[in-house]
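1. need coordinates for the following:
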Amino acid sequence: VQLVESGGGLVQAGGSLRLSCAASGSIFSINTMGWHRQAPGKERELVAAINSVGITYYADSVKGRFTISRNNAENTLSLQMNSLEREDTAMYYCASSSSPGLLNKRVYDYWGQGTQVTVSS
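-> I've put the predicted structure just below:
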């Protein structure tokens, strides 16, 4: 599975960005797809995830502001980010999982290269 992210950039606090991830390769094995992020000096964290039937998970820090969506026909994953805050500044990674289990506890097998999101005050 190959994952390629796009859509990051610099935005002012309160603004919006939309991240996209294109999947290719052995995509039949994908169950769940998720967006993770890692800020400098911090551990990587799961931001949002969506399974094959559209059930979603969001980290508490982004609930009500971020929306994850998936287009199975086009093999794409998106993350609409609204009301961005400086604390959202991080490298964002798209990842895929073929494992079972709780949506926020999946083991992710494949990762994209990441796209930088920077929120200025």
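
2. and the residue nearest the centre of the chain, what are its bridge partners?
-> Nearest to the geometric centre of the chain sits residue 35, at 1.8 Å (Cα atoms, centre = their mean). Taking DSSP bridges, one obtains residue 48, residue 94 as the residues bridged to residue 35.

3. what's near enough to touch it?
-> For residue 35, the contact set (Cβ atoms under 8 Å, 6 or more residues apart in numbering) comprises 19, 21, 46-49, 68, 77, 79, 92-95. The way it works is simple: take the backbone N, C-alpha and C, and place the C-beta from them, glycine included.

4. dump these into JSON lines; add distance to residue 118, neighbour count and pLDDT as well.
-> Below are those laid out as JSON lines (distance: Cβ to Cβ, whole Å; neighbours: other Cβ atoms under 10 Å; pLDDT from 0 to 100):
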{"residue": "19", "distance to residue 118": "13", "neighbour count": "24", "pLDDT": "98"}
{"residue": "21", "distance to residue 118": "19", "neighbour count": "25", "pLDDT": "98"}
{"residue": "46", "distance to residue 118": "20", "neighbour count": "18", "pLDDT": "98"}
{"residue": "47", "distance to residue 118": "16", "neighbour count": "23", "pLDDT": "98"}
{"residue": "48", "distance to residue 118": "19", "neighbour count": "25", "pLDDT": "98"}
{"residue": "49", "distance to residue 118": "23", "neighbour count": "26", "pLDDT": "97"}
{"residue": "68", "distance to residue 118": "20", "neighbour count": "22", "pLDDT": "98"}
{"residue": "77", "distance to residue 118": "21", "neighbour count": "28", "pLDDT": "97"}
{"residue": "79", "distance to residue 118": "15", "neighbour count": "26", "pLDDT": "98"}
{"residue": "92", "distance to residue 118": "11", "neighbour count": "23", "pLDDT": "98"}
{"residue": "93", "distance to residue 118": "15", "neighbour count": "22", "pLDDT": "98"}
{"residue": "94", "distance to residue 118": "18", "neighbour count": "28", "pLDDT": "98"}
{"residue": "95", "distance to residue 118": "21", "neighbour count": "24", "pLDDT": "97"}
